[in-house]
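Novice: with the input below, show me the fold.
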Amino acid sequence: MPGPGTIAAARALPVAAALLATLSLAGCATSSTPAPEAGASFNNTYNYLPVNDLPHDDQRPVLSVEQQEKLRKELMAVRDRQIPASAKATAAKPATATPAPK
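Specialist: Numbers count the residues shown, from 1 in each chain. Below is the predicted model:
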């Protein structure tokens, strides 16, 4: 037959576990996010980017077809200068297929 001390301990264990769980979860309820600055550019509390604000129309002119071709040729020339000569030779030379011995 258990004594009065063990019954009290058995009753105190769930209470202690509930108290410990409450205290550990209370730390999750606090926020470590700093408060927004006084001159924050957004109007929301947490400085998230505004979802409904659309960007302004781009006023830069679009490249003409001639300018696009010139830019394409310049980019291809830069790419060709960056490829090492050994890689160019192996890429340009077709692979010769040797017949498999029987």
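Novice: gap between Arg72 and Ile83?
Specialist: From Arg72 across to Ile83, the span is 17 Å (Cβ to Cβ, to the nearest Å). Every C-beta, even on glycine, is put in place using the N, C-alpha and C of the backbone.
Novice: cool, Ala26 as well?
Specialist: Counting by Cβ to Cβ - Ala26 and Ile83 are separated by 61 Å.
Novice: ok, then the element right after the longest helix along the chain?
Specialist: Under DSSP state H, the helix in the chain containing the largest number of residues is helix 4-29. Using DSSP states H and E, the next helix or strand after helix 4-29 towards the C-terminus is helix 65-82.
Novice: could you give the average pLDDT over that following helix?
Specialist: Helix 65-82 carries an average pLDDT of 94.
Novice: in it, what's buried?
Specialist: Under the neighbour-count criterion of 16 or more other Cβ atoms under 10 Å, helix 65-82 has nothing buried.
Novice: for that helix, name the packing helices and strands.
Specialist: In terms of contacts (3 or more Cβ pairs under 8 Å, 6 or more residues apart in numbering; DSSP states H and E), helix 65-82 is not packed against any helix or strand.
Novice: residues of the longest helix of the chain that come out buried?
Specialist: Here helix 4-29 shows no buried residue, counting by 16+ other Cβ under 10 Å.
Novice: and that helix, average pLDDT?
Specialist: Here the mean pLDDT over helix 4-29 is 79, rounded to a whole number.
Novice: for stretch 86-102, same thing?
Specialist: 64.
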